Structure formats: structure tokens, C-alpha cells
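Student: Need a 3D model of the sequence below.
(one chain, ligands or ions: 1)
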Amino acid sequence: MGLYWMVFAMVGVISIFRVLWYGRRPKGYPPGPPTLPIIGNLHLFPRNGVLHEKFKEWADQYGPIVSLKLGTQTLILLNDEMAVKELLDKRSQNTSARMDMFLSEFGGHNQILMRSNDETWRRQRRMYHQNLNSQQADIYVPYQSFETTQLLRDILNSPEKFEDHIKRYTTSVGYTIAYGMRVRSIEEKKAARTMFEVRTENIACSAASLTNEHGIFRMLPNSVIPFLKEIERLNRVESDLWDEQYQICRRRIESGHVRPSFCRDMIVTNTVKADYLSERELKFNAGHAWAGASDTQFNTLWFFVKQAMILYPECQKRAQEEIDSVVGASTLPQWSDWTALRYTRSILKETLRFYPATITGGMPHAVTKDDTYLGYLIPAGAGLVNNVWTLNNRVENPRKFDPSRHIDDSRSTMESAIQADATKRDHFTFGAGRRICPGTHVADRGLFIAISRLLWAFNFERILGEALEQDDFEPGFITSPRPFRCKITPRNEAKRTKISEIWEQSENFLDENGDYIQEFYDRMVRGQAVTA
Ligand code: HEM
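Tutor: Down below sits the predicted model:
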């Protein structure tokens, strides 16, 4: 009996010890804030959405790499350029996995952003490299140019709805690049509304993260946990959505119409056995290109209006003077003006640095095997955060919006990201290493064309008496400014007339549903200019 109780007591003590051990930072890990048993540092995570500021505070206090314990999981913040270059770029073979995430199990692990770096991810990624590289991205410039002509017309007609118009622009550009079809209006297009519903379902994501941290939930049947039912519903909605768009694209190919798109190119090039993707994987790849291109670019352009136009009117004026002298008052700027429009291009770079839509660094990379850096253990399974807010603010006078800091930099986002000296990167907004955003070429073009044309067309002014705080963000995985109002007017009467004329010409290429007519695609495929 005595022995029985002794064993029982020992097992009890060991179990309590083990439970209390959870959440503690083991010896040799990078430094970080003190932990509590079981929860680690979870209690220190702000509830009001200013996580990026907390990450910066920890970086300032503990140095270039900081470790955090989230229950049983470890998160490591990379806070300087050297850490990102060394760990995410140079050691990418070991740092391109994703953390074990419950959310990624839904949809059969087909969401490229969350999928770990297995064979299917490699094939999905390859499709992006093949079909959205810089030459391929050039093919889609006519879509982006066309869509800006509607953007200008929409803002001219209802300037107070500028936010909706920008959202339509990026959603339609994403849709045509993904599938070769347009979104004339988000209200009219159910698929676009559904895409945003699924994409912005943050509550489900944060609920699911609880399940990662407390693994016991993962053993229970999904039917007994209420938020899992919601995630399952969302994933069914998403799967049906991608299926529907894919089938439309497929039918168009079968009927012999050439609509340049990522989906079409994937279907056509999906012939190499070593890189073959199943139909379901193709559908998800196309769907996530659309989703990945829409809210990120929308929020970047919305931020651009906020600071470049409203809070820093002198930058607006300088860019307008540049556009007038380089391009001329009556011609719309083009993608080919990237090199000549130095200041305008710098406004884009500075917007991405100043207000990264992926403000907490996007999805953490994960470590496959134990490693060391600066003498600290980087344990297998830990998440590595490209701590973008901290990294982007490691410049002189960081909270001054100053495009001239990029004036001599004509590199594309990708060229800048892969250069040997990471301290010369323009910003860290698109990530790093093997998981860097594969949409950078498309984003450079779509954002530059929109920004230069908005500056060409309009004056943006602050509404007197209305408060507008510079660093006030909506919390979220993809952040946005808090909604604000501004006054938007054509720069002069000649611009007003020109915007209407350009839209009238553009409309000739649309059918009654607002989709492109065959001639648009024919000219695009032949490389002929389609619109202004
Ligand atoms: C302002 C525009 C954009 C921003 C700021 C942005 C940012 C990011 C970031 C930070 C990541 C994670 C990178 C990492 O893990 O290191 C990412 C991944 C991704 N982005 Fe973008 N992105 C943008 C536009 C686009 C566009 C236009 C597309 C598609 C056409 C796209 C498709 C993707 C995909 C598929 C991934 C997942 C890659 C993977 O996990 O392997 N993004 N993006």
C-alpha cells in the first residue's frame, strides 16, 4: 500500500512538473519576455490589435532575435536584416516549412499559404514561378491598364465611394489575372462577395489558433466544437467557389477561346509528370492567386491615399509635377514609365514600407531541423516571423513618409528582396526566402499603374476639421487604415473631360455584362495596345 501511494505521488509530482514546464522557455533559446507556466507568453499578446507594436517593443528590448512561447509552440521574431537574410534566405532549405496549423487541415491542406513545404507545395509554387514571373506578369498589364480606366471614371462619378472603387479595381484585376474574367461591380458579383467573406473570416482563424496551442482540442470530433463547424462551413464555401470559377475557365478553353489567365496557363502547362498537380490543387492555386491579389493590393492603395495624398500633400504635388513633365498632361502614365517616373515609383516603395498590409509579417515560416544562430538554439518546429513593422522602421526618421529615400532605386520588389546586402532592401513587406510572395511582379505593375494614374487625374485633400491619425490601423492578418473621408476632385476641367473620353473608348471593348469582348483578348494575345 505504502509503495502504491509513493508511486502514485511520484507520478502526480512528475505530471504537475511536466504541466508546469509547458510554456517555459528552455535554456539556450533566444531571449524574450518572462513566461508563465502552461500559457508561456500568451497573456502578453495585446487584445486590441497592436501586435506589431508589441513585436517592436520586444525587439527593442531583447535584440535581433526574440523567442516567445505560445503554450507548447515557439515563435521567433527576426528583427534585423541580417537575421532575415541568414535564416530565411540563406538557410531557406531548413526554414521554409509552415507551423503545424489546425486551420490548414481544412480544404485538404491545399491552401498554399498555410501548406508546409512538401512535394505538393513545391509543385504549386512552381506553377507560380512559371506562370507569374516577370515576363508573364507583363502579359497582364493590359488588364491592369484597362481596369484603371474604370477606376478613374468611378472616382470621377462618386468620389465619396473611393474606397469601394479601389476595392473593385484590385478584385477585378485579381480575377482577370486568375481567370480571364472581370468584376464590373462587387455588389453584382456574388463570387467576389463570397471570396471576401471567406478571406476576412478572422474570428474563425483566431479560434482555430487556440486549437493549435491546446492540442487536446484536436483529439475531439469536429462536430462537438462550435467554431470548427463554422470553419468547416467556410471551407466548403471556398471549395465550391474555386470549383465554380475553375469550371468556367475550363469550359472557355474547351470552346477554343484564348483568355490569358493564370488558371488557363496552369491547365495548359500541367503536363510534366514530376510537377503534376491534381485538379483540386489547380483549383485552389488559382483561387488563392485571386484572393492573395485582392485585399493586399486594396489595402496598399487605400493606405497610399491616406498618407501620400492626404497627410503628405507635398509628396502628391511633387509626383504630379513629375508626371506632367515626363508623361504630359493629356497622356495616361504606363507601366513602361517605371524607370522615368522616379518619384512616383518611390511613392509606391515608400507606401509599402510605411504601411505594410501584412503588418505582423504574414504567415510565419517554420524550422524543419534544430539549428543555431548567434549562439542560440533555433528549435525544429519553431515559427520564424519576418517582423515586418520592426524591419521596415529601421531607417532614419522612420515615421516620416519620405519617398525620396528610394529615389535612386529602380529595382523591382523581387530584385530588391534577393540582393546580397539585405540592409539595402526597400522593405520587407512581401516576406523572404523560398516562401516570399510569388505575386510581387503582378503587384508592382498593378500598384504602379494605379498610383501613377490616380496622381495624374485627381487632387486629394483632407477634409478640414476631421481628425486623421497617421498610425491608426484596423487589426487583422491583413491590416487597413481606419475608414476616413477625403475630398477628391479632378485636377482641372481638361482632366475631367479626358477621364470620360478614355472610359468611353474602353467601354467599346466590353459586352453587355461588363466582360471583355473577344477583340480585347485577340489584341492582347497579339501584344497590341488595347486601351489608353
Ligand atoms: C501588396 C500586395 C501583396 C503583399 C503585401 C503580399 C504579401 C505576402 C506575404 C508577406 C506573403 C508571405 C511571405 C512569406 O511567407 O515569407 C505572401 C504570400 C503569398 N502571396 Fe502575396 N502579397 C501581395 C500580393 C500578391 C499577389 C498579387 C498574389 C498573386 C497574384 C499573391 C499571392 C501570394 C501567395 C500564393 C502566397 C503564398 C506563398 C507560399 O506560402 O508559398 N500575393 N504574400
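
Student: neighbours around residue 460, how many?
Tutor: When counting by other C-beta atoms under 10 Å, one arrives at 21 neighbours for residue 460. Every C-beta, even on glycine, is put in place using the N, C-alpha and C of the backbone.

Student: Surely it forms part of a strand?
Tutor: Yes - counting by DSSP: H, G, I helix; E, B strand; the rest coil, residue 460 falls inside a strand.

Student: so it sits right up against residue 305, yeah?
Tutor: Yes - using C-beta atoms under 8 Å, residue 460 is in contact with residue 305, at 6.1 Å.

Student: tell me, what's touching these two both at once?
Tutor: Common contacts of residue 460 and residue 305 (C-beta atoms under 8 Å, 6 or more residues apart in numbering): 454, 486.

Student: List the buried residues of stretch 156-172.
Tutor: Residues of stretch 156-172 classed as buried by neighbour count (16 or more other C-beta atoms under 10 Å): 156, 159, 162, 163, 165, 166, 167, 168, 169, 170, 171, 172.

Student: how about JSON lines for these, with distance to residue 26 and secondary structure added?
Tutor: Below are these laid out as JSON lines (distance: C-beta to C-beta, whole Å; DSSP: H, G, I helix; E, B strand; the rest coil):
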{"residue": "156", "distance to residue 26": "61", "secondary structure": "helix"}
{"residue": "159", "distance to residue 26": "57", "secondary structure": "helix"}
{"residue": "162", "distance to residue 26": "51", "secondary structure": "helix"}
{"residue": "163", "distance to residue 26": "47", "secondary structure": "helix"}
{"residue": "165", "distance to residue 26": "52", "secondary structure": "helix"}
{"residue": "166", "distance to residue 26": "47", "secondary structure": "helix"}
{"residue": "167", "distance to residue 26": "46", "secondary structure": "helix"}
{"residue": "168", "distance to residue 26": "50", "secondary structure": "helix"}
{"residue": "169", "distance to residue 26": "49", "secondary structure": "helix"}
{"residue": "170", "distance to residue 26": "44", "secondary structure": "helix"}
{"residue": "171", "distance to residue 26": "46", "secondary structure": "helix"}
{"residue": "172", "distance to residue 26": "50", "secondary structure": "helix"}
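
Student: so which of the residues you listed comes closest to the ligand?
Tutor: residue 170 (8.5 Å; C-beta to the nearest ligand atom).

Student: pLDDT value on that closest one, please?
Tutor: As predicted, residue 170 sits at a pLDDT of 98.

Student: Ok, residue 8 next?
Tutor: For residue 8, the pLDDT comes out at 69.

Student: beta partners of residue 487?
Tutor: As for beta bridges, residue 487 partners with residue 461 under DSSP bridges.

Student: Among the buried residues of stretch 156-172, which one sits closest to residue 88?
Tutor: Top of the list for closeness to residue 88, among the buried residues of stretch 156-172 and by C-beta to C-beta, is residue 170 at 26.8 Å.

Student: how near is the closest one to residue 503?
Tutor: Distance, residue 170 to residue 503, by C-beta to C-beta, to the nearest Å: 18 Å.

Student: got it, and residue 54?
Tutor: Distance, residue 54 to residue 503, using C-beta to C-beta: 46 Å.

Student: quick one, which of the two is more surrounded?
Tutor: Neighbours were counted for residue 54 and for residue 503 using other C-beta under 10 Å; residue 503 has more, 19 against 16.

Student: State the helix or strand in which that one lies.
Tutor: Under the criterion of DSSP states H and E, residue 503 resides in helix 493-507.

Student: Distance from the chain centre to that helix, please.
Tutor: Distance, stretch centre to chain centre, for helix 493-507: 32 Å (C-alpha atoms, centre = their mean, to the nearest Å).

Student: Extract the CA atoms of it and return them as CSV.
Tutor: Taking Å, rounded to 0.1, in the frame of the first residue of the first chain, the C-alpha atoms of helix 493-507 are listed here in CSV:
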residue,chain,number,x,y,z
GLU,A,493,-11.5,70.5,-66.4
ALA,A,494,-9.3,69.1,-69.1
LYS,A,495,-8.7,66.0,-66.9
ARG,A,496,-12.4,65.6,-66.2
THR,A,497,-13.1,65.5,-70.0
LYS,A,498,-10.2,63.2,-70.7
ILE,A,499,-11.2,60.7,-68.0
SER,A,500,-14.7,60.5,-69.5
GLU,A,501,-13.3,60.2,-73.1
ILE,A,502,-10.9,57.4,-72.1
TRP,A,503,-13.7,55.4,-70.4
GLU,A,504,-15.9,55.8,-73.5
GLN,A,505,-13.1,54.2,-75.6
SER,A,506,-12.6,51.5,-73.1
GLU,A,507,-16.3,50.6,-73.0
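
Student: which is the next helix or strand following it?
Tutor: Tracing the chain C-terminally past helix 493-507 and defining elements by DSSP H and E, one meets helix 518-525 next.

Student: Which residues of the chain lie near the ligand?
Tutor: 112-113, 125, 132, 288-289, 292-293, 296-297, 300, 357-358, 362-363, 365, 386, 429-432, 435-439, 442-443 (C-beta under 6 Å from any ligand atom).

Student: Low-confidence regions, the stretch 201-350 of the chain specifically.
Tutor: Low-confidence segments of the stretch 201-350 of the chain, defined by pLDDT under 70: 201-220, 222-224, 226.

Student: quick one: the helices in it?
Tutor: Per DSSP state H, counting those that start in this stretch, the stretch 201-350 of the chain carries helices over the ranges 202-213, 226-254, 262-269, 279-304, 313-326, 342-354.
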